[in-house]
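Chemist: what's the 3D shape of this:
(2 chains)
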Protein chains: 2
Amino acid sequence: MTTAGTGNASILEGNSFKAGDVESLPPHTRALVERRQRSLGPSYRLFYRSPVELVRGKGAYAWDADGTEYLDLYNNVPSLGHSHPAVVEAVSRQLAQLNTHTRYLHRGILDYAEDLISTLPSDDYQLMLVCTGSEANDLALRVGRAVTGGTAWIATSEAYHGNTALVTAHSPSLSGAERMDPALRVVDPPDTYREGATAGSAFLDRIRRAIAEIESSGDGLAGLIADTSFSSDGVFTGEPGMITAAIDLVHAHGGVFIADEVQPGFARTGEAFWGFARHGVVPDIVTTGKPMGNGFPVAGMIARRDVLEPFASARPYFNTFGGNPVAVAAAQAVLDTIRSEGLQQHARETGDAFRAQLRETAASHPVIGDVRGAGLYTGVELVGDPVTKEPATARALAVIESLRDHGVLTSVCGPRNNVLKLRPPLAFAAADIPRAIEALETALRETSD
Amino acid sequence: MTTAGTGNASILEGNSFKAGDVESLPPHTRALVERRQRSLGPSYRLFYRSPVELVRGKGAYAWDADGTEYLDLYNNVPSLGHSHPAVVEAVSRQLAQLNTHTRYLHRGILDYAEDLISTLPSDDYQLMLVCTGSEANDLALRVGRAVTGGTAWIATSEAYHGNTALVTAHSPSLSGAERMDPALRVVDPPDTYREGATAGSAFLDRIRRAIAEIESSGDGLAGLIADTSFSSDGVFTGEPGMITAAIDLVHAHGGVFIADEVQPGFARTGEAFWGFARHGVVPDIVTTGKPMGNGFPVAGMIARRDVLEPFASARPYFNTFGGNPVAVAAAQAVLDTIRSEGLQQHARETGDAFRAQLRETAASHPVIGDVRGAGLYTGVELVGDPVTKEPATARALAVIESLRDHGVLTSVCGPRNNVLKLRPPLAFAAADIPRAIEALETALRETSD
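Modeler: As a prediction, the model looks like this:
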C-alpha cells in the first residue's frame, strides 16, 4: 500500500504529443496543432507523436483527413461502434421532437430506468442520471459519505475516476499533478501477472491493512471505489470471484462499495453485463459513463435505495442535461442494441478468439510478458525480461506509434505505461483479428533492437 | 452580508410537486409519478402541484401528452427554441459521421473555439470544453484558486452555480441542505427594487466588507463568482455598469472575477452577447452551460491565458465527452443561428415590448411591485404591499399554477420565491406577448382574494 499523494508520473508521460515536437509535424497537422495551442487551454493532450485527425468512423473503423483507414482498438466511447445507426436514428428523432429536463414528466426516462435496473442484482436500486462519469462519481462519493458517516475512501494506485475537484482528489493516477484527499488510502490492484493465483488474497490483505489504518486514524471508513477491471492499473480482470472477499470485508466494516463501471460495464467483459457481476459481488453504488450513450454525453449513478436515502432525502439534486429525453433515447438505443445484436456474447467469443491469437504472437515474442482480459478488454503487457518482468515502457510507446503508422489505433495503461490497452468498439469482429495481429507483429518487428 | 451556512430554505420550497399529493393526481399522471418514485432517486423534483408530461416542442411552444399546448416562458435550455431545425440537422449529421474526443485533432472544435473567443473582450482567452455548467464552474473555481493562491470566494446569497461537491459548497441557494465552503463569503445582490439607484454602490460596499473580512481572516482572496443577471437572486440586471466598481475592487485586491454566463450568456439580455459585457467589465474566467447547445450537453470554461496558465500548465485535464465533434456541431449551430436570425436584437426588442406590456398590467395590479430585466430575461416581483414590499410568496406560487392551467409555463425565483421568472426560448416573438399577458391577467384575477 502506498500513501496518498506520494506522486505518480504516469499521467504526465505515456501516449501523448509533446508541444516541443510541433516543428517536426507535417504542415497540415502542424497548422491544426498550433491553432489548438492558441485557442484551447494547455491542459489538453493529443495522442501520438504525430496526432491523428479523424474525420469519419463506422463500426470498428475510422478514417483520417487523408482517407487513411484505421482499425480502432482503443475507443469504448463509441462502445457499440462508430456512428452506430440505431443511436443516430434515436437521437435525431428525439431531438426533432422534444428535449427538456427532469422537472417535467417523460416516459422515456422511466422506461429506461426500469430497463437498466432490471440488469442489476435486485430491483432495489434507484437511478440518477447525470452527464459524465465524473459527475456520477462525484455524486457517488457524497452519497457514500452520507450513508456511512465516514470520509475515508480506498482506491487503487493508478485509478482514474474523473475530473471534478472531489473526484480528482480520489484519482491516484493524478497524484503527480493534484493533491489527493487527506483521508484517501491507496492500495495496489490485484496484479494477476506478478502475483498470479495469489492476486486476490494479496489484494484482500491490502484492503484489510487500509481499513485498519483508517479505523485507527479516526477518519471513518466510507468505503472502496474501484473499477473491477482495474483498467488504468493495467487491466486485471482476473478470475471471476477474485475480489469478492475484499468487497465482503469492506461491507463487514460498514463501508460501501462503489463499482465504477465506466470501463467494464455495458457488456464489455462478455462474461456479464456489468464488471462487478463477473465477480458475483453486490455493489452499493454503480456508476456509469463512457459506453452508456455511444458517445452521447449521458451517465448515471445507481444506488441501493437504503444507501441513497440519507443523501437524497435531505437535499434536492438537479442536473440540467442529465436524463433529458435525447440522452435517454441514446442510452435506450445502446441497451436495445446490446441485446438485439447479442453483443455480450459477441464480446466474449471475439475477445477469447483475439486473446488466443495474441498468445500465439506472444509465444514468438518474449517481450510480451502477459496477455490478459475478459471480453473485448485486453491488456498486453510488454516486459524487458520475462523473468524479472521489468516493464518495457519505451518499447510499448514505440509499438503504439508503429501501430498508428500501420493503421491501428490503441494506447497504453498501467503505472509504467507498458501495457497495451486493447479495447475496441464492440463492433470489432473475428474478421478483424488477423489485421490486428499482423499490425502488432509488424510493430513488434519494427521496434525490436 | 450573511455568513455562509446560515441556512436557506428557498431551494426546498418553491415550484415543486409534493410527494404527499400523489393521490390527488389524475390517474395517468399519478402512474408516472409513482414509477418515478420507485426507480429514480428521491432528490428529483417535479414542477407543479400537478406535474406536466411534455411530449413535443417547437419554438416557444410545447405540448403535453393530451395535446394541450403551452407557451413556454421558462426554458432557456432550448435557448433558440424547442427542436430548432439547425441544431437537429447539425447534430444528426455529425453523429452519423464521427463522434470521438479531444485526443484526436478535429477542425470543428478549433473553428468553434476561435469563433466563440471572437465574442470576448480580446483574443487573449482560451477555451476548455466540458459537458455541464457545473463542470465548468468546478474547473473555474480551481483555476481561480491556482492563479491567486487564495481559497476564499465571494458569492451572492441565492446563487446557484451547480451540482458537484465543490460547486455545491459555493452555491448559497443550497445552504439549507448542504454545507458551504468554510471560506465562502456570501453577499446580497444589488437589489434594484429595494435599493433603487443605490443598488450598485450598496453592492460595492458589501463586496468591500467581504474582501476586508477575507483579508483579515488569512484565507486569501480567490475572487468573486457571480451571474451578472443575478437570476436565482431574483433577476437584477440593473443599469449597465451597475456592478463595474465592485468587479474593479475585486481586481484591485488581487482576486479574479468568474462571470457565470449560464443564465445571461448567448444573447439572452439583448443588450450584449454576454451578461458581463452589458456592464463593460472584463472577466478573468467565463463559464457557460445551458444555452450553449440548445439542450445538447455542452458547456465551457473560457479563461484569460495568464489566468489559466498556473492551473493548466501543471496538470492534464481530460473530459471524455467535452468538446466532442457532435457537441461542437450543436454549439456551432447555436452560435450561427443567433447571428443568422438576429436573435440578440430580437431579444432586446421583444423583451422591451414584453416588459412595456407587463408594466401596463402592473398599473392595474398593485400586487406587481416591480417589472425588471433585460432582453428576454424578466423578473416580475409580487408583493403584498407596494410600500413595505413584503414578498407575496403564496400568491406567486398560486399564479404560476394558474398560468400552467391556462397554458403558460413559468416558475419563480428569488430568496422568497415571489419573483416570476420569465425566460422564454429566444423564439418567443412579439406575436406571443398578448397570449402571455392575457394568461397573466387571468391568473392574477383567479388568485386574488
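
Chemist: Not counting residues beside it along the chain, what's closest to the spatially most central residue of chain A?
Modeler: Most central in chain A under Cα atoms, centre = their mean is A:Q263, positioned 2.9 Å from the mean C-alpha point. Leaving aside its chain neighbours, A:Q263 sits nearest to A:S231 (4.1 Å; criterion: Cβ to Cβ, 6 or more residues apart in numbering or on different chains). Using the backbone N, CA and C atoms, a C-beta is placed for each residue, glycine as well.

Chemist: For that neighbour, pull up the helix or strand it's in.
Modeler: Using DSSP states H and E, A:S231 is not contained in any helix or strand.

Chemist: residue contacts, it?
Modeler: A:263-264, A:377, A:413, A:421, A:423 (Cβ atoms under 8 Å, 6 or more residues apart in numbering or on different chains).

Chemist: so what pLDDT did it get?
Modeler: The confidence metric pLDDT takes the value 97 at A:S231.

Chemist: And it, how far from chain B?
Modeler: 13 Å (Cβ to the nearest Cβ, to the nearest Å).

Chemist: That residue and A:L139, how far apart?
Modeler: 21 Å (Cβ to Cβ, to the nearest Å).

Chemist: And A:D227, by the same measure?
Modeler: 17 Å.

Chemist: and what of A:T119?
Modeler: A:T119 is 20 Å from A:L139, by Cβ to Cβ.

Chemist: How about A:V33?
Modeler: For A:V33 relative to A:L139 (Cβ to Cβ), the value is 36 Å.

Chemist: which one of the two has more residues nearby?
Modeler: A:L139 (32 against 21; other Cβ atoms under 10 Å in any protein chain shown).

Chemist: Report whether that one is found in a strand, as I expect.
Modeler: No. A:L139 is assigned helix when assessed by DSSP: H, G, I helix; E, B strand; the rest coil, not a strand.

Chemist: wait, what's in contact with the closest residue to it other than its chain neighbours?
Modeler: Nearest residue to A:L139, sequence neighbours excluded (Cβ to Cβ, 6+ apart): A:M301, at 4.9 Å. A:M301 is in contact with A:127-128, A:130, A:136-137, A:139-140, A:143, A:285-288, B:41, counting by Cβ under 8 Å, 6+ apart.

Chemist: Could I get those in TSV, plus columns for distance to B:R305 and secondary structure?
Modeler: Formatted as TSV, these follow (distance: Cβ to Cβ, whole Å; DSSP: H, G, I helix; E, B strand; the rest coil):
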residue	distance to B:R305	secondary structure
A:L127	41	strand
A:M128	37	strand
A:V130	31	strand
A:A136	32	helix
A:N137	30	helix
A:L139	33	helix
A:A140	35	helix
A:V143	38	helix
A:I285	39	strand
A:V286	40	strand
A:T287	34	strand
A:T288	36	strand
B:G41	40	coil
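
Chemist: Show the buried residues in those.
Modeler: Buried members of the contacts of A:M301, counted by 16 or more other Cβ atoms under 10 Å in any protein chain shown: A:127-128, A:130, A:136-137, A:139-140, A:143, A:285-288, B:41.

Chemist: isn't there a strand covering A:G300?
Modeler: Yes. Per three-state DSSP, A:G300 lies within a strand segment.

Chemist: next helix or strand past the strand or helix carrying A:E401?
Modeler: Using DSSP H and E, A:E401 falls within helix A:393-405. Per DSSP H and E, the first helix or strand lying C-terminal to helix A:393-405 is strand A:408-409.

Chemist: Sheet partners, orientation included, of the helix or strand just after that next one?
Modeler: Using DSSP H and E, the helix or strand that follows strand A:408-409 in sequence is strand A:411-413. Using DSSP bridges, strand A:411-413 pairs in its sheet with strand A:419-422 (antiparallel).

Chemist: Any buried residues in the next helix-or-strand element following the strand it pairs with, and which?
Modeler: Per DSSP H and E, the first helix or strand lying C-terminal to strand A:419-422 is helix A:433-447. Neighbour-count burial for helix A:433-447 flags A:433, A:436, A:439-440, A:442-444, A:447 (criterion: 16+ other Cβ under 10 Å).

Chemist: Please apply the same query to stretch A:343-357.
Modeler: A:343-344, A:346-348, A:350-351, A:354-355, A:357.

Chemist: who touches the helix ranked longest in chain A?
Modeler: Determined from DSSP state H, the single longest helix within chain A is helix A:343-363. Contact partners of helix A:343-363, identified using Cβ under 8 Å, 6+ apart, comprise A:80, A:267-273, A:337-338, A:368, A:371-378, A:380, A:422, A:426, A:428-430, A:433-434, A:436-437, A:440-441, A:444.

Chemist: cool, and stretch A:306-318?
Modeler: So stretch A:306-318 is contacted by A:101-103, A:124, A:126, A:128, A:139, A:142-144, A:146-147, A:256, A:284-285, B:11-12, B:41-45, B:163, B:174, B:177-178 (Cβ under 8 Å, 6+ apart).

Chemist: how about that stretch: buried residues?
Modeler: Buried, per 16+ other Cβ under 10 Å, within stretch A:306-318: A:307-309, A:311-312, A:315-318.

Chemist: tell me the mean pLDDT over it?
Modeler: Mean predicted lDDT for stretch A:306-318 stands at 93.

Chemist: give the contact list for A:P190.
Modeler: A:199-200, A:202-203, A:230, A:236, A:238, A:242-243.

Chemist: could the buried residues of helix A:433-447 go into JSON lines alongside distance to chain B?
Modeler: Putting the buried residues of helix A:433-447 into JSON lines (distance: Cβ to the nearest Cβ, whole Å) gives the following:
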{"residue": "A:I433", "distance to chain B": "23"}
{"residue": "A:A436", "distance to chain B": "19"}
{"residue": "A:A439", "distance to chain B": "18"}
{"residue": "A:L440", "distance to chain B": "21"}
{"residue": "A:T442", "distance to chain B": "22"}
{"residue": "A:A443", "distance to chain B": "19"}
{"residue": "A:L444", "distance to chain B": "24"}
{"residue": "A:T447", "distance to chain B": "22"}
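
Chemist: The stretch 101-250 of chain A against chain B: which residues are in contact?
Modeler: A:101-107, A:109-110, A:113-114, A:117, A:126-128, A:131-135, A:138-139, A:141-142, A:163-166, A:174, A:177-178 (Cβ under 8 Å from any Cβ of the partner chain).

Chemist: Among these, name the ones in helices.
Modeler: Those of those lying in helices (DSSP H): A:107, A:109-110, A:113-114, A:117, A:133-135, A:138-139, A:141-142, A:165-166.

Chemist: Filter those residues down to the buried ones.
Modeler: A:109-110, A:113, A:117, A:133-135, A:138-139, A:141-142, A:165-166.

Chemist: and of those residues, the nearest to B:V250?
Modeler: For these, the minimum distance to B:V250 (Cβ to Cβ) is 21.6 Å, reached by A:A165.

Chemist: quick one: low-confidence parts of chain A?
Modeler: A:1-13 (pLDDT under 70).

Chemist: how many other residues sit next to the spatially closest residue to A:V55 that is not a sequence neighbour?
Modeler: Nearest in space to A:V55, with sequence neighbours left out and distances taken as Cβ to Cβ, 6+ apart, is A:A65 at 5.2 Å. Using other Cβ under 10 Å, A:A65 has 16 other residues around it.

Chemist: From what I see, A:A65 and A:H28 are in contact.
Modeler: Yes. Contact criterion Cβ atoms under 8 Å: A:A65 and A:H28 qualify, at 7.4 Å.
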